[in-house]
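**Student:** have a look at this prediction, sequence included:
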Amino acid sequence: MNGSDKLDKIDIEMLVRRHLQELGVGVGSSEKKEYIVAANWKMNMTEKETRKFLTELKSTEIPENIRVMIFPPYPYLYIMKEMLRYERIAYGAQDVAKEEQGAYTGEVSAGMLGDMGCPVTLVGHSELLWRYPGDYRKEGKSCAGTSDHTHALYWRDP
């Protein structure tokens, strides 16, 4: 790392490039297999940090066979919609409610995420299972309305 406890853009880019080289995939590679590089931000980054990171990421050369996906906290989805509208970088939500609407304080429906331009959302986080024991998140099942608005991507924490 560059002298701090946090990874900066150069550190992250170096780690990703090293891993891709180990896989035999690189910029200009004729490899046809597609790889996904996904980042779940959890509850990190401020609005200012998010905008700076996206500006730097948009200027980074991404190989054609690499699909980049970002999962920021809900409050910053509007920044993704604004800054990534015409980019190859996909973004999505960190979770989605199984209900389409109703009195579920703090929950976000697939339709709401669709309005924010989210093509995908994560479900199945181990740290959420205590709130929803036996819930769809544990099973990785699709959520209500996901086929019309967004797709559920089952995330299994290591």
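**Tutor:** Received, thanks. Numbers count the residues shown, from 1 in each chain.
**Student:** how many residues are close by I66?
**Tutor:** A count of nearby residues for I66, using other C-beta atoms under 10 Å, gives 18. All C-beta spots, glycine's among them, are computed from the backbone N, C-alpha and C.
**Student:** ok, the closest residue to it other than its chain neighbours to L77 distance?
**Tutor:** Distance criterion C-beta to C-beta, 6 or more residues apart in numbering; nearest residue to I66, sequence neighbours excluded, is Y35 at 5.3 Å. According to C-beta to C-beta, to the nearest Å, Y35 and L77 sit 24 Å apart.
**Student:** neighbour-wise, which of those two wins?
**Tutor:** Shown here are Y35 and L77; by other C-beta under 10 Å, L77 has more neighbours (22 against 15).
**Student:** that one contacts L84, correct?
**Tutor:** No - the criterion here is C-beta atoms under 8 Å, and L77 misses it with L84 at 10.3 Å.
**Student:** need the overlap of contacts for the two.
**Tutor:** Residues touching both L77 and L84 (C-beta atoms under 8 Å, 6 or more residues apart in numbering): Y91.
**Student:** going along the chain, name the helices of this structure.
**Tutor:** Here the chain has its helices, by DSSP state H, at 9-23, 47-58, 77-83, 110-115, 136-139, 146-149.
**Student:** mind giving me the packing neighbours of the fourth one?
**Tutor:** The reference is to helix 110-115. Here helix 110-115 touches helix 146-149, going by 3 or more C-beta pairs under 8 Å, 6 or more residues apart in numbering; DSSP states H and E.
**Student:** which ones are touching Q94?
**Tutor:** Shown in contact with Q94 (C-beta under 8 Å, 6+ apart): N40, W41, K42, F71, P72, P73, Y74, T121, L122, H125.
**Student:** who are the neighbours in contact with the nearest residue to the fifth one once chain neighbours are set aside?
**Tutor:** I take that to be P72. The shortest distance from P72 to any non-neighbouring residue, by C-beta to C-beta, 6+ apart, is to W41 (4.8 Å). Contact analysis of W41 by C-beta under 8 Å, 6+ apart lists I70, F71, P72, P73, Q94.
**Student:** narrow those residues to those that are buried.
**Tutor:** Burial by neighbour count, judged by 16 or more other C-beta atoms under 10 Å, picks out I70, F71, P72, Q94 from the contacts of W41.
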